[in-house]
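Participant: Whatever this is, show me its structure:
(chains A and B)
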Amino acid sequence: MTSPLDATDLRVRLGGESVLAGVSASVERGEFVGLVGPNGAGKTTLLHTLNGTHSPDAGTVRVDGQPVGAQSSREVARQVATVPQETTLSFAFSVADVVEMGRTPYVSRFGTTTPEDHEAVERAMAAAEVAAFADRSVQSLSGGERQRVLLARALAQETETLLLDEPTASLDINHQVRTLELVADAVADGRAVVAAIHDLDLAARYCDRLLLLADGAIRAAGDPASVLASDALQTAFGVPTELSEDPTTGTPRVTAVTGDSPSSSDEEQTTVDGE
Amino acid sequence: MDALGAWRRAGVYAVALTGLLALVVTVSAGVGPVSIPALEVAQVILNGVRLPVGVEFTGGGGGLLRVPGIEITTHAPFEFAVDGTHAAIVRTVRLPRILLAAFVGVALAAAGTVMQGFFRNPMADPSIVGVSSGAAAGAVASIVLPFTLPFGIGLQLSAFLGGAVAGFAVYLIATRDGRTPTATLLLVGVAIQTLLSAAVSAMILFSGDSMRRVVFWLMGHLKNAGWSDVTAAALVVPPLVVALAAYARDLNVLLLGEVDASALGVDVEGSKRALLAISSVLTGAAVAVAGVIGFVGLIVPHGVRLLVGPDHRVLLPTSALAGGSFLVAADTVARAGTIELPVGIVTAAAGAPFFLYLLRTREVYEL
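Facilitator: Numbers count the residues shown, from 1 in each chain, chains lettered A, B, ... in the order given. Now for the predicted structure:
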């Protein structure tokens, strides 16, 4: 059985700079893959290349065995949905309107939405827990609610694969966990998920497998504990780290060591998260 | 759910606004040096209605639709007794001008709606990609240049070609590797507009006796409109507005950003090309027949958006029809006084305060 999403040796240059230098990755149905790495590692570029919005200079992305480059964006959008990091929601569209845009790859020009579209939208809004404010304007929502609306829009696309770009950035801890629980539900439904997550602890807690992306290449891959324990992690982030076990969740926890680290100084603020 | 009934909602608004347009046209046709009651105008218009009732195969052409060998017989269902002079004024003098105003208003408002959505910028209007400036340069050149243009190109065609060339040039300059970033397009449009304004200014400087004609044309006018203009507009404007409506859903998704739209399955560059081309032809055609009439394409879509919301499936048809009524009303004011004003002055004078009123009374976020 072919992987729903499979990339081989992706190479991307942006503005003369090599951003991805030979990245291979794949995800299986019912698998939650976390993409971790320092700022500027190329996580967003990789996600844009995986969903076909950016064509790689070399390498192939295959969706269900078929090369993405040979398909229309409409065909790809029926198989891969993306939750963007940020989107312009400064228009007075209702939540239902925005979620319904997820049906774009299924609706013809003058076509009206069918009962199937209607049901998909209802299901997606229920799954992402946004049905309660379906008629509200997206402009009136909080950051956490907006993120769930975008997740609902992606779920309404009814794709086998779901890509998420920093779904928990700028959310409070309650909404971070809530959002990732919803993503985990989608994985439990059999979807293949790749999510760029800057918070290593959250990534370790929810993902089945982590990919460490740094300087345009995968530096470590495997189960969360082994990736977070690797020397590659310390090299990638440029900071010594300590691995411990979270007493509550029992999942790996990464702590950046700064106090007695010789590399730390006043002008170098060490942050593992934050974009 | 609201989104599912968008086309239906558009249909209801369209029927209501078509009614409004018919009313405005009827009232407007009564206004002028000879005042004619609206009821009589309506009777004159209804008397002109012809219903095809049969087809006869004859030797020669004839009838309403002249196809050789076929004669379509028609029936006039209304035969109201009306004043002959009044009927002639309405039919030959006022109606062509009014209907042309309606079509031009529809074209400008539809193009403006698309440009505002396309650029995600509330200050965008149909002139933004240089089409209006190009058309103005083409028209002024045909008035001012001491020789007549080849191939029998008149003022209108010269204006239309100028607009098309300018729009196409802006698109080509802003495109690289098959992609046309809207920010680049906007800046190239501004640069080309500036260049063309300089060309127009230079031509005005050397225009001599024809300067008055040039300035009047530049301010926008609907004077001297004839039935041939109306026929041409009727053939061009409605099909193009329908073509734009075909992209209404794509335009909605494009409002969320191009990367997002692409991930949702929209052919971003293809849609942008189509939207730009169609709205440029609409704008070029409008400017060619009526000169540069400002504010219609800016204010009407913005005002209508505040009332019906941002969904282009509803916004585009409503804004187009409202634009028609708006320009007919503005042109009526322009010609009602003792001295006829260029309609562009009226649209600006009436539109700007109305726009400010809407901005202050409605909750406006962005666009």
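Participant: residues near the residue of chain B found nearest chain A, how many?
Facilitator: Nearest to chain A, among the residues of chain B, is residue B:265, at 3.0 Å (CB to the nearest CB). (Each C-beta comes from the backbone N, C-alpha and C, glycine too.) The tally of other residues near residue B:265 (other CB atoms under 10 Å in any protein chain shown) stands at 26.
Participant: Can you pull the phi and psi angles for it?
Facilitator: When read as degrees, to the nearest 10, the backbone of residue B:265 gives phi 100, psi 10.
Participant: you'd agree it is up against residue A:102?
Facilitator: No: the criterion here is CB atoms under 8 Å, and residue B:265 misses it with residue A:102 at 9.6 Å.
Participant: mind listing what's buried in the helix or strand where residue B:214 lies?
Facilitator: According to DSSP states H and E, residue B:214 maps onto helix B:211-218. Buried residues in helix B:211-218, counted by 16 or more other CB atoms under 10 Å in any protein chain shown: B:214, B:217, B:218.
Participant: quick one: the last one and residue B:140 touch, right?
Facilitator: By that I understand residue B:218. Yes: with contacts counted by CB under 8 Å, residue B:218 reaches residue B:140, the gap being 7.2 Å.
Participant: wait, what's in contact with the residue in the stretch 151-275 of chain A positioned nearest to chain B?
Facilitator: The minimum distance from the stretch 151-275 of chain A to chain B, using CB to the nearest CB, falls at residue A:157 (7.4 Å). Applying CB atoms under 8 Å, 6 or more residues apart in numbering or on different chains to residue A:157 gives the contacts A:77, A:78, A:81, A:102, A:103, A:105, B:264.
Participant: now, which of those residues sits nearest residue B:127?
Facilitator: Proximity of the contacts of residue A:157 to residue B:127 (CB to CB) peaks at residue B:264, which lies at 30.2 Å.
Participant: The closest one - how many residues pack around it?
Facilitator: 27.
Participant: Next, the residue nearest to it when sequence neighbours are not counted: secondary structure please.
Facilitator: Nearest non-adjacent residue to residue B:264, counting by CB to CB, 6 or more residues apart in numbering or on different chains: residue A:104, 4.5 Å away. On the three-state scheme (DSSP: H, G, I helix; E, B strand; the rest coil), residue A:104 is labelled helix.
Participant: Test my guess that residue A:104 contacts residue B:267.
Facilitator: No: assessed by CB under 8 Å, residue A:104 is found out of contact with residue B:267, at 10.9 Å.
Participant: These two - which one has more neighbours?
Facilitator: Between residue A:104 and residue B:267, counting by other CB under 10 Å, residue A:104 is the more crowded of the two (23 against 15).
Participant: ok, which residues in the stretch 101-250 of chain B are in contact with chain A?
Facilitator: By CB under 8 Å from any CB of the partner chain, the residues of the stretch 101-250 of chain B that approach chain A are B:120, B:245, B:246, B:247, B:249, B:250.
Participant: Residue A:144: which element?
Facilitator: Here residue A:144, judged by DSSP H and E, is contained in helix A:143-156.
Participant: Name the SS class of residue B:32, please.
Facilitator: coil.
Participant: Let me see the contact set for it.
Facilitator: Applying CB under 8 Å, 6+ apart to residue B:32 gives the contacts B:89, B:93, B:94, B:335, B:336.
Participant: Near the second one, how many other residues are there?
Facilitator: Pointing back at residue B:93 there. There are 15 residues near residue B:93, going by other CB under 10 Å.
Participant: Quick one: mean pLDDT over stretch A:243-254.
Facilitator: Across stretch A:243-254, pLDDT averages out at 85.
Participant: list the buried ones in that stretch?
Facilitator: A:251, A:252, A:253, A:254.
Participant: Run the chain-centre distance for the longest helix along chain A.
Facilitator: Looking across chain A with DSSP state H, the single longest helix is helix A:173-188. Centre-to-centre, helix A:173-188 and its host chain are 12 Å apart (CA atoms, centre = their mean, to the nearest Å).
Participant: For it, give me every contacting residue.
Facilitator: For helix A:173-188, the external contacting residues (CB under 8 Å, 6+ apart) are A:30-32, A:127-129, A:143-144, A:147-148, A:151, A:155, A:162, A:164, A:167-168, A:171, A:193, A:195, A:199, A:202, A:205-206, A:208.
Participant: What's the ChimeraX line that selects buried ones from these?
Facilitator: In ChimeraX, this line selects whichever of these come out buried by 16+ other CB under 10 Å:
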select /A:31,32,127,128,129,144,147,148,151,155,162,164,167,168,171,193,195,199,202,205,206,208
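Participant: Which of the contacts of helix A:173-188 fall in helices?
Facilitator: Using DSSP H, these in helices are A:127, A:143, A:144, A:147, A:148, A:151, A:155, A:202, A:205, A:206.
Participant: In contact with residue B:311: list those residues for me.
Facilitator: Taking CB under 8 Å, 6+ apart as the contact definition, residue B:311 lies against A:93, A:97, B:3, B:6, B:248, B:252.
Participant: I should have written residue A:65 there, sorry.
Facilitator: A:2, A:3, A:6.
Participant: tilt between the longest helix of chain A and helix A:143-156?
Facilitator: 10 degrees (axes from the mean of the first three to the mean of the last three CA atoms, to 10 degrees).
Participant: which parts of helix A:173-188 are buried?
Facilitator: A:175, A:176, A:178, A:179, A:180, A:182, A:183, A:184, A:186, A:187.
Participant: ok so, going back, name the surrounding residues that touch the helix holding residue A:144.
Facilitator: A:81-84, A:87, A:89, A:95, A:98-103, A:120-121, A:123-125, A:127-130, A:133, A:138, A:141, A:162, A:164, A:167-168, A:170-172, A:174-175, A:178-179, A:182-183, A:186, B:264.
Participant: Residue A:220 sits in which helix or strand?
Facilitator: Element membership for residue A:220, per DSSP H and E: strand A:217-222.
Participant: shaky segments in the stretch 151-300 of chain B?
Facilitator: Within the stretch 151-300 of chain B, the stretches with pLDDT under 70 are B:151-153.
Participant: residues from the stretch 151-275 of chain A in reach of chain B?
Facilitator: By CB under 8 Å from any CB, the residues of the stretch 151-275 of chain A that approach chain B are A:153, A:157.
Participant: Now do the strands in the stretch 1-150 of chain A.
Facilitator: A:5-14, A:17-27, A:32-36, A:58-63, A:66-67, A:80-83 (DSSP state E, counting those that start in this stretch).
Participant: got CSV for those strands, with mean pLDDT and distance to residue A:114 too?
Facilitator: Listed next are the strands of the stretch 1-150 of chain A as CSV, based on pLDDT from 0 to 100; distance: least, CB to CB, whole Å:
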stretch, mean pLDDT, distance to residue A:114
strand A:5-14, 91, 27
strand A:17-27, 90, 30
strand A:32-36, 94, 31
strand A:58-63, 92, 24
strand A:66-67, 90, 25
strand A:80-83, 93, 19
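Participant: Out of those strands, which is closest to chain B?
Facilitator: Minimum separation from chain B across the strands of the stretch 1-150 of chain A (CB to the nearest CB) falls at strand A:80-83, 4.2 Å.
Participant: list the buried ones in that closest one?
Facilitator: Quick answer for strand A:80-83 (16+ other CB under 10 Å): A:80, A:81, A:82, A:83.
Participant: what do you get for stretch B:92-106?
Facilitator: Using 16+ other CB under 10 Å as the test for burial, stretch B:92-106 gives B:94-106.
Participant: cool, stretch B:261-280 as well?
Facilitator: B:261-266, B:268, B:271-272, B:274-280.
Participant: one step back: of the ones in helices among the contacts of helix A:173-188, just say which sits nearest to residue B:195.
Facilitator: Nearest to residue B:195 out of the ones in helices among the contacts of helix A:173-188 is residue A:143 (CB to CB; 44.4 Å).
Participant: how near is the closest one to residue B:129?
Facilitator: Distance of residue A:143 to residue B:129, given as CB to CB, to the nearest Å: 36 Å.
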